[in-house]
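>>> sequence plus the predicted model coming up.
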Amino acid sequence: MSDAPLLSAVGLTKNFGGFRALDDVSLDLYPGEAVGLVGPNGSGKTTFINVVSGVYTASAGTIKLRGLPIEGLPPHRRARLGLGRTFQVPKPLGNLTVLENVQVALQHSKSAKSGDADPLEFAGLAKFANRRANSLTTMEQKRLDLARVLALSPAVVLVDEFAAGLSPSELIDIASLLNELRGKGMALVVVEHLLGFLEAVVDRVLVLDAGREIFSGGLKEAFSDDKVVEVFLGQ
Amino acid sequence: MPKLAFGGSTGQTGKWVKLGWPVIFFPVALMVAMHVYNNQLLLLDLVVYLILAQGVNIIYGFTGYLPFGYFGFFGAGAYGAALAVNYLSVDGILAVVAGGILAVVLAVILIPLLRLSGAYFGLASLAAAESVYLVVANPSLASITKGPYGVNLEAIFNPNLAYLVGVILVGISIAVVVYLRVSHFGLSLRAIKSDPVTASLAGVNVPAARSIAWLLAAALAGLAGGVFAWITSVFYPETVFSINVSVFAIVFALFGGVGSVLGPILGGTALYILYEFIGISSPQYFQLIYGGLIVFLTLFLPGGLASLVEIFRRRVPRSRAEMDVSQGLGIHAPLAVGGRSADSSDE
């Protein structure tokens, strides 16, 4: 593992009026590393993804991508610098074809090279290249989200509940895809409720509750931690 | 990633040839029409509305912003031309350019409206255009704008030259739309129309791209307003700052099919021919048929006339359709593989 983190988020805080959705959360992410973001509903997992990807502006804290401060940058600048994200509910560019979905990202990528793998081939969507994106199944649209992210040649991929609603065989496929990305040196933040899926993909987890970090470490250790058990199972 | 590589200059040239023929064809047809058709006033109006319909096509067809207040740019263009003639003593062509510039200046001021979306944007743009009208028509500003008393541009009256300039602008407006169909920038705009958040996270600079589309649409409306002012010579604030201008431009664009090159031209021409046959002799039936047509299209052909081509294409044998794609006959195919567009067709 390299000494310099690809992504370094320090003291991230997000307020919505008087409500603090994210409270002083920090995370360092290294090349090839995958970190799971775990917590009950409303704990701030997706808010963290939104703040890092630029959909929301952080109320406090800093974010560095490859050492470059990005907390003041709009989402498109972060994407061009190599920060990709997928969505819990897939968000294809529905009126465009599958191919055009990927090409939109490709034309803005600052690090895509001619030798890179074809994102559509990688995501198993090459045969649908000329199909309208909103005619795909949910699973195929999730794969398209991933392909569009890959077209950016990202350093860091934020994966928001990708496994939700997938069948066991699809879960195995997706876990395999994500591990392949790690093998290419990309770092992943994986928001997920399915523990089996997390076990297959991540090295460690960050557990959030009410916007605050309550645990950081291995997945197995997390569920022997008193605070985590209390949050998930009650007293 | 060879399959995803963008087309080189040869590919782009091929797409321009494939989609660009209307840039020459329609201006030539309009010039011929002037010599074989005796109602010149109707043709002059048609030219103005074809430009406006393509302007609506750019901002609505490519980015999804429906500008009910589009007439504000048209009026600004007409008054920009009038001010340039009255205070700078310019000729007709420079007056039209001045109209375009004033409309762009107004569009720059109104860029913050693009933070809104859907009906909110439509209503805000309408309110902004009405505000401009009230300023122009204000009797207190009569020394500058002539207020409610109207503008007289008889000094530069030259309908033939004005028509020629209008026809050239029709060609330019079509060329802009062809560019949007074949370019990376146009693909970015279509991504914004589909989902601005996803587009942004795919690297599209959404505020900049939609602002450019907004300015392009405003420039076309301003230029059209300048031509209208030149052609009519005498007009009043309520003539050019009329919501009917927006309504007709939007209906023409929607009738033909937005997001395509041919749609607004087909829609504008078809509705104008209808107007010629029925509108003048029996205006009451014209309104009825017009309304019925709009309802029919909304229910059964929401993609407009241009979508008929796509429907026809789906019915041709599969092998033929695939051959078309492989030969790069995709509707806009901005990229090398010749992907078939999911939007309305141009062919």
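Great, that's in hand.
>>> going forward, measure contacts and count neighbours with C-alpha atoms only.
Noted.
>>> what separates stretch B:250-269 from the chain centre, distance-wise?
9 Å (CA atoms, centre = their mean, to the nearest Å).
>>> other residues contacting that stretch?
Stretch B:250-269 has contacts (CA atoms under 8 Å, 6 or more residues apart in numbering or on different chains) with B:19, B:22, B:46, B:49-50, B:53-54, B:56-58, B:60-62, B:174, B:177-178, B:181, B:271, B:294, B:297, B:302-307, B:343-347.
>>> next, the distance between the ends of it.
Terminal residues of stretch B:250-269 lie 14 Å apart, using CA to CA, to the nearest Å.
>>> in it, what's buried?
Residues of stretch B:250-269 classed as buried by neighbour count (16 or more other CA atoms under 10 Å in any protein chain shown): B:250-269.
>>> in the helix or strand that residue B:14 is a member of, what's buried?
In the assignment (DSSP states H and E), residue B:14 maps to helix B:9-36. Neighbour counts over helix B:9-36 (16+ other CA under 10 Å) mark B:11-12, B:15-16, B:18-20, B:22-23, B:26-27, B:30, B:34 as buried.
>>> could you dump those residues into TSV with pLDDT and distance to chain A added?
Shown next, in TSV, are the buried residues of helix B:9-36 (pLDDT from 0 to 100; distance: CA to the nearest CA, whole Å):
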residue	pLDDT	distance to chain A
B:11	64	16
B:12	69	15
B:15	79	16
B:16	81	18
B:18	82	19
B:19	86	18
B:20	87	21
B:22	92	24
B:23	94	25
B:26	94	28
B:27	95	31
B:30	94	33
B:34	90	39
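>>> just the buried positions in stretch B:40-48, please.
Quick answer for stretch B:40-48 (16+ other CA under 10 Å): B:40, B:42, B:43, B:44, B:45, B:46, B:47, B:48.
>>> mind pulling up the pLDDT for residue 128?
All of this refers to chain A. Model confidence at residue A:128, given as pLDDT, is 95.
>>> actually chain B
97.
>>> who are the contact partners of it?
Counting by CA under 8 Å, 6+ apart, residue B:128 makes contact with B:69, B:72, B:110.
>>> how close does it sit to residue B:109?
Residue B:128 sits 10 Å away from residue B:109, going by CA to CA.
>>> all strands of the chain, in order?
Reading this off chain A. With DSSP state E as the criterion, chain A has strands at A:7-16, A:19-29, A:34-38, A:60-65, A:68-69, A:83-85, A:156-160, A:187-191, A:204-209, A:212-217.
>>> sorry, I should have been clearer: chain B.
Using DSSP E, strands in chain B cover B:151-152, B:234-235.
>>> how distant is the last one from the center of its chain?
If I follow you right, that is strand B:234-235. On CA atoms, centre = their mean, the centre of strand B:234-235 falls 23 Å from that of its chain.
>>> swap in stretch B:156-170?
With CA atoms, centre = their mean, you get 17 Å for stretch B:156-170.
>>> where does chain B dip in pLDDT?
Residue ranges of chain B with pLDDT under 70: B:1-12, B:316-347.
>>> excluding its backbone neighbours, what's nearest the closest residue to chain A within it?
Here chain B gets closest to chain A at one residue, residue B:203, 4.1 Å apart by CA to the nearest CA. Among residues not flanking residue B:203 along the chain, residue A:76 sits closest, at 4.1 Å (CA to CA, 6 or more residues apart in numbering or on different chains).
>>> surely the one you found meets residue B:204?
Yes: assessed by CA atoms under 8 Å, residue A:76 is found in contact with residue B:204 at 5.6 Å.
>>> thinking again about what came up before, just the pLDDT for the residue nearest to residue B:203.
pLDDT at residue A:76 comes out at 96.
>>> and the residue most central in space within chain A, how far is that from residue A:46?
Chain A has residue A:158 as the residue nearest its centroid, 1.4 Å off, counting by CA atoms, centre = their mean. Distance, residue A:158 to residue A:46, by CA to CA: 10 Å.
>>> and for those two, which residues touch both?
residue A:191.
>>> which residues does residue A:148 contact?
A:101, A:102, A:103, A:105, A:106, A:119, B:202.
>>> distance of the third one relative to chain B?
Think residue A:103. 7 Å (CA to the nearest CA, to the nearest Å).
>>> tell me how many other residues surround that residue.
Each residue near residue A:103 was counted by other CA atoms under 10 Å in any protein chain shown, and the total is 25.
>>> around chain B, which positions in chain A sit nearby?
Contacts of chain A with chain B, taken as CA under 8 Å from any CA of the partner chain, map to A:53, A:55, A:75-80, A:84-85, A:91-97, A:99-101, A:103-105, A:107-109, A:113-118, A:129-132, A:148-149, A:152.
>>> so which of those sit within helices?
Judged by DSSP state H, the subset of the residues of chain A next to chain B located in helices is A:53, A:75-80, A:99-101, A:103-105, A:107-108, A:148-149.
>>> mind listing the helices in the stretch 101-250 of chain B by residue range?
In the stretch 101-250 of chain B, the segments counted as helices under DSSP state H, counting those that start in this stretch are B:118-136, B:142-145, B:159-182, B:184-194, B:196-201, B:206-232, B:237-240, B:243-256.
>>> tell me which of those sits nearest to residue A:142.
Closest of the helices of the stretch 101-250 of chain B to residue A:142 is helix B:196-201, at 12.8 Å (criterion: CA to CA).
>>> contacts for the closest one next, please.
Residues from elsewhere that reach helix B:196-201, judged by CA under 8 Å, 6+ apart: A:53, A:55, A:75-76, A:79, A:84-85, A:91-93, A:104, B:188, B:191-192, B:206.
>>> how about the residue nearest to residue B:238 when sequence neighbours are not counted, what does it touch?
With CA to CA, 6+ apart as the criterion, residue B:238 has its nearest non-adjacent residue at 7.6 Å, and that residue is residue B:133. When contacts are counted by CA under 8 Å, 6+ apart, residue B:133 is found next to B:72, B:75, B:237, B:238, B:241.
>>> next: residue A:76.
Contacts of residue A:76 (CA under 8 Å, 6+ apart): B:200, B:201, B:202, B:203, B:204, B:205, B:206.
>>> for residue B:304, same thing?
Per CA under 8 Å, 6+ apart, neighbours of residue B:304: B:254, B:255, B:256, B:257, B:258, B:263, B:267, B:297.
>>> now, which of those residues sits nearest residue A:141?
Nearest to residue A:141 out of the contacts of residue B:304 is residue B:258 (CA to CA; 25.7 Å).
>>> and that closest one, its phi and psi?
Torsion angles at residue B:258 (phi, psi; degrees, to the nearest 10) stand at phi -80, psi 160.
>>> what number of residues lie near the nearest residue to residue B:240 once chain neighbours are set aside?
Distances taken as CA to CA, 6+ apart put residue B:75 closest to residue B:240, at 4.7 Å, once the chain neighbours are dropped. A count of neighbours around residue B:75, defined by other CA under 10 Å, yields 33.
>>> can you pull out the low-pLDDT segments for chain A?
For chain A (pLDDT under 70), the answer is A:1-2, A:112-115, A:235.
>>> can we see that at 80?
For chain A, the stretches with pLDDT under 80 are A:1-3, A:110-117, A:232-235.
>>> how about it: which residue is closest to chain B?
Closest point on chain A to chain B, by CA to the nearest CA, is residue A:76, at 4.1 Å.
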